[in-house]
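1. what would the 3D arrangement of this be:
(chains A and B)
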Amino acid sequence: MNYELAGRSVRLAGPDREVLAACAEHLIAEGAHVLDVEGGEPDIVIVAGARRAGSRLLGDTSAADLYAAWDDAVDAVDCYRAAAQPMTSRGWGRMVWIGNAQAKSVDAAEDEFAAVVSLGILGLHKVIAQELGRGGVTANAVLRGGEANDDDVATAAVFLCSAGASYLSGITIVIDGGVGSAVF
Amino acid sequence: MDYQLDGRVAIVSGGSRGIGRAIAETLAREGARVVIASRTESYLDEAAGSLESAAPGRVHAVAADMTDPADIDRVVSAARSRFGTISIAISNVIGHVIDAQREGEGPGAGTFQTLEPEEYRREFRQLFISSWALAQACIPDMRAQRWGRICNIGSSAAREPATQLPHTLPNVVRPAVAGMHRLLAARLAQDGITVNNILTGGILTERNASYWRWLADSRGQSLDQVTSVVNEAIPIGRMGEPKEMAALVAFLCSAQASRVTGQSIPVNGGASVHL
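-> Predicted coordinates:
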């Protein structure tokens, strides 16, 4: 499949550097190039939220812990927003969030911070889909669950950046090997 | 139906006006002892007076900022010393207002492209921390008696963001709050504690009315023009009343609803489109 990503520029952001490295590998193989953190006007922004295995909303959790977790969402907003105007000027843009599948289906993995941060981003994507859709910009999510590895997640994220994914916006792809129990 | 709420102790944040006040009144009429908390003392005094006539001796008012965990702890202590062990926590805090002069008391308005990232932090405090901290403060009492009811007054935006309105902030934070309650429900079920989230839509409170006035002004339309469009979009054909919210909340707090948990339930006159 030709993803038509040759020459596209990519900003990779967020704390989960491992999955971003897997994305970079696939994007570069498709002819895109990854920008330095500071400069440039990316065609594609991929943000990967933190993985905090065992994070719990109850117990010893403090409000400060929750604000720190929510900063992942705030940073994603910042990163998307910096890219939005140049994307709409060019009439093409892709925003992708990589988060946690517990946003859709409670499981035993207990990364509850990642779940609530991802739900905020899913709401944000609906806003962006509406606000920037006519500017050729899409915003979609890949949620990791089960035993999914970085490559499983990255290939879905890179698909969402492809030319063929141009009519997908505000959607969520769960990569969990089928363990999630939510029907929709 | 006897909801078996006689003597149960409840805390209702944002309890001085609108939906919160209607919930406080309904629970008190069912026999619960209710502490209402909100920031503005004048509203609080007025509410306490009228609730005292509706349900004498069953309502206590405390002025507090229910987005501040320290203030929430103070309200919880006051409720314990006034009425006893807490069984019911209703979180009902509105989204932060960015510019009341311009926007009325509606949700802080702005698009994805215009809103500064800091606004998302403020909204998180307002909607998420307020609800989480109230639950956190009341859970020890609920666990001790193996009975508890936690309800959050959320918004239909949690499941269906109103992307045609400039409500980016609640559209982002409300789903996170709904998820938090879903997770709490899973973790607390074994303790006899239920956790549910109400998805409001089109409930005609004073605050909501001030928002429709703002929207009408900002669009150069009359109030009737705006509200008639809203009413037409609601299958039941009208906006709801606060007591219609309170009815569901009281049911969810009842002994009968002990197996209803982890749900996000709309009270919106049939206006949802999701399945």
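2. ranges for the helices of the chain?
-> Picking chain A for this. Counting by DSSP state H, chain A has helices at residues A:17-29, A:63-90, A:112-132, A:150-161.
3. not quite, go with chain B.
-> Using DSSP H, helices in chain B cover B:18-29, B:41-54, B:69-83, B:100-103, B:117-123, B:130-145, B:168-188, B:206-219, B:223-233, B:242-253.
4. and A:Gly136, which of the ones you listed is closest to it?
-> helix B:168-188 (20.1 Å; C-beta to C-beta). Where C-beta positions appear, they are placed from N, C-alpha and C, glycine not excepted.
5. how about the helices of chain A in a markdown table, adding mean pLDDT and distance to chain B?
-> Listed next are the helices of chain A as a markdown table, based on pLDDT from 0 to 100; distance: least, C-beta to the nearest C-beta, whole Å:
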| stretch | mean pLDDT | distance to chain B |
| --- | --- | --- |
| helix A:17-29 | 98 | 20 |
| helix A:63-90 | 97 | 5 |
| helix A:112-132 | 96 | 4 |
| helix A:150-161 | 98 | 18 |
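6. follow-up on the earlier one: looking at the helices of chain B, which has the lowest confidence?
-> Among the helices of chain B, helix B:100-103 has the lowest mean pLDDT, at a mean of 68.
7. follow-up on the earlier one: now tabulate the helices of chain B in CSV and tack on distance to A:Asp107 and mean neighbour count.
-> Putting these into CSV (distance: least, C-beta to C-beta, whole Å; neighbours: other C-beta atoms under 10 Å in any protein chain shown) gives the following:
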stretch, distance to A:Asp107, mean neighbour count
helix B:18-29, 33, 26
helix B:41-54, 42, 15
helix B:69-83, 28, 18
helix B:100-103, 40, 12
helix B:117-123, 26, 18
helix B:130-145, 20, 21
helix B:168-188, 9, 26
helix B:206-219, 37, 17
helix B:223-233, 36, 14
helix B:242-253, 25, 21
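8. got the contact list for B:Thr200?
-> B:19, B:153-156, B:245, B:266-268 (C-beta atoms under 8 Å, 6 or more residues apart in numbering or on different chains).
9. before we move on, the earlier item: now, of the helices of chain A, which is deepest in the fold?
-> Comparing the helices of chain A by mean neighbour count (mean count of other C-beta atoms under 10 Å in any protein chain shown), helix A:112-132 ranks first with a mean of 26.
10. neighbours of B:His167, how many?
-> 22 (other C-beta atoms under 10 Å in any protein chain shown).
11. from chain A, how far out is the residue lying closest to it once chain neighbours are set aside?
-> Using C-beta to C-beta, 6 or more residues apart in numbering or on different chains and skipping residues adjacent in sequence, the residue nearest B:His167 is B:Pro107, 5.0 Å away. Per C-beta to the nearest C-beta, to the nearest Å, B:Pro107 is found 13 Å from chain A.
12. let me know the pLDDT of B:Pro107.
-> Looking at B:Pro107, the pLDDT reads 73.
13. could you measure from the residue nearest to the spatial centre of chain A over to chain B?
-> With distances taken as C-alpha atoms, centre = their mean, A:Trp97 lies nearest the centre of chain A, 0.9 Å away. A:Trp97 sits 12 Å away from chain B, going by C-beta to the nearest C-beta.
14. distance of that residue from A:Ile121?
-> Noted for A:Trp97: a distance of 5 Å to A:Ile121, by C-beta to C-beta, to the nearest Å.
15. correct me, but the residue nearest to the centre of chain A touches A:Ser118?
-> Yes - in this structure A:Trp97 lies within contact range of A:Ser118 using C-beta atoms under 8 Å: 7.1 Å.
16. can you list residues touching both of those two?
-> A:49, A:141.
17. so A:Pro42 sits right up against A:Ala83, yeah?
-> Yes - here A:Pro42 reaches A:Ala83: they are 5.3 Å apart, a contact under C-beta under 8 Å.
18. identify the contacts common to the two.
-> Common neighbours of A:Pro42 and A:Ala83 (criterion: C-beta under 8 Å, 6+ apart): A:Arg11.
19. contacts only, for the residue in the stretch 101-250 of chain B positioned nearest to chain A.
-> Closest residue of the stretch 101-250 of chain B to chain A, C-beta to the nearest C-beta: B:Thr163 (3.6 Å). By C-beta under 8 Å, 6+ apart, the contact list for B:Thr163 reads A:126-127, A:129-131, B:171.
20. contact partners for B:Leu199?
-> B:154-156, B:158-159, B:178, B:264-268, B:272.
21. tell me the pLDDT of the nearest residue to it once chain neighbours are set aside.
-> Using C-beta to C-beta, 6+ apart and skipping the chain neighbours, the partner closest in space to B:Leu199 is B:Pro266 (4.1 Å). On pLDDT, B:Pro266 comes in at 94.
22. rewinding a little: beta partners for the residue nearest to the centre of chain A?
-> Beta bridges link A:Trp97 to A:Val47, A:Ala141, judged by DSSP bridges.
23. identify the residue nearest residue 55 in space, chain neighbours excluded?
-> By default, I'm working from chain A. That would be A:Phe113: by C-beta to C-beta, 6+ apart, it lies 4.1 Å from A:Ser55.
24. chain B was what I was after
-> B:Ala55 sits nearest to B:Ala28 (C-beta to C-beta, 6+ apart), 3.6 Å away.
25. how about B:Ala257?
-> B:Phe251 (5.7 Å).
26. on that earlier part again, tell me the spacing between the residue nearest to B:Leu199 and B:Phe128.
-> Counting by C-beta to C-beta - B:Pro266 and B:Phe128 are separated by 20 Å.
27. higher neighbour count, these two?
-> Higher neighbour count among B:Pro266 and B:Phe128: B:Phe128, with 26 against 20, using other C-beta under 10 Å.
28. check contacts around residue 86.
-> As the question left the chain open, I've gone with chain A. A:41-42, A:93.
29. you answered for a different chain; I wanted chain B.
-> Contacts of B:Ile86 (C-beta under 8 Å, 6+ apart): B:9-11, B:76, B:79-80, B:138, B:141-142.
30. from B:Arg8, how far out is the closest residue to it other than its chain neighbours?
-> Nearest residue to B:Ile86, sequence neighbours excluded (C-beta to C-beta, 6+ apart): B:Asp141, at 4.3 Å. Separation of B:Asp141 from B:Arg8 (C-beta to C-beta) stands at 11 Å.
31. same question for B:Gln136.
-> 20 Å.
32. related to what we said a few turns ago, what's around the residue nearest to B:His167, how many residues?
-> 28.
33. likewise A:Tyr167?
-> 8.
34. residues touching it, list them.
-> Residues counted as contacts of A:Tyr167 (C-beta under 8 Å, 6+ apart): none.
35. and which of the contacts of B:Ile86 is nearest to A:Gly14?
-> B:Cys138 (34.3 Å).
36. excluding its backbone neighbours, what's nearest the closest one?
-> That would be B:Ala89: by C-beta to C-beta, 6+ apart, it lies 4.2 Å from B:Cys138.
37. pretty sure the one you found is in contact with B:Gly15, am I right?
-> No - counting by C-beta under 8 Å, B:Ala89 stays clear of B:Gly15, with 11.6 Å between them.
38. what is in contact with the two at once?
-> Counting by C-beta under 8 Å, 6+ apart, nothing touches both B:Ala89 and B:Gly15.
39. much appreciated, bye for now.
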